[in-house]
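In: Can you look at this prediction? I've put the sequence above it.
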Amino acid sequence: MRHALTALLFLATLASARAETVDGINYDMGTPPIVVTHHAMAQRFSRLIRFYQPGIMGVNNQGMVAIRPGIGDKLTLAQRQIAEKLIDAENHDRDSMAQAVADANGRRDAMSRIRAQLTRRWQGEMRAGWWIQNDQGEWVKKP
């Protein structure tokens, strides 16, 4: 039993050593709010893909999911309702994730830096050919 506990502590220490830390802020902490929010986002991802692949949605320069300009008018009412429901849930969780990272690090004062880093991460996770908004506000396909 003691060996198992020691092994678990070692693995937890090893995992935290590999965590992404930027400006002294750990973005990969395993606190309950972060884990729950990450799980909810992962569960929703398969439904978001249906809107990312045809270019209906993308990630804007604030790290939020959005319907691309001029595209919303081309959706049926049912498609638009589904898209808006997904966007509301996803963006709520993205806000929650930023807050959870700030709280876990005791760094509410660094919220703008945390948001900027999460935006880079979320845009980086987008696949080639999916849409992101650059710093100038232009929507571009990710190379």
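Out: Great, that's in hand.
In: For the rest of this, base every contact and every neighbour count on C-alpha atoms.
Out: OK.
In: check contacts around Gly137.
Out: Applying CA atoms under 8 Å, 6 or more residues apart in numbering to Gly137 gives the contacts 60-61.
In: Checking it next. Helix, strand or coil?
Out: Gly137 carries the three-state label coil when classified by DSSP: H, G, I helix; E, B strand; the rest coil.
In: Now the residue nearest to the spatial centre of the chain: phi and psi?
Out: Nearest to the mean C-alpha position of the chain, by CA atoms, centre = their mean, lies Trp122 at 4.7 Å. Dihedral angles phi and psi of Trp122 (degrees, to the nearest 10) take the values phi -70, psi -40.
In: how close does it sit to Asp135?
Out: 14 Å (CA to CA, to the nearest Å).
In: Quickly note the distance from the residue nearest to the centre of the chain to Ala78.
Out: The gap separating Trp122 from Ala78 is 27 Å, by CA to CA.
In: picking that back up, the residue nearest to the centre of the chain contacts Gly63, doesn't it?
Out: Yes: using CA atoms under 8 Å, Trp122 is in contact with Gly63, at 6.5 Å.
In: Okay, buried residues for stretch 51-66 please.
Out: Residues of stretch 51-66 classed as buried by neighbour count (16 or more other CA atoms under 10 Å): 51-52, 55-66.
In: go on, stretch 87-94?
Out: By neighbour count with 16+ other CA under 10 Å, stretch 87-94 contains the buried residues 87, 90-91, 93-94.
In: Turn these into CSV, columns for secondary structure.
Out: Formatted as CSV, the entries for those read as follows, by three-state DSSP:
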residue, secondary structure
Ile87, helix
Glu90, helix
Asn91, helix
Asp93, helix
Arg94, helix
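In: Can you give me every residue that contacts Ala102?
Out: Contacts here follow CA under 8 Å, 6+ apart; on that basis Ala102 touches 108, 110-111, 114.
In: cool, Thr21 as well?
Out: Applying CA under 8 Å, 6+ apart, the residues contacting Thr21 are 27-28.
In: how about 7 Å then?
Out: For Thr21, the contacting residues are Tyr27, taking CA atoms under 7 Å, 6 or more residues apart in numbering as the criterion.
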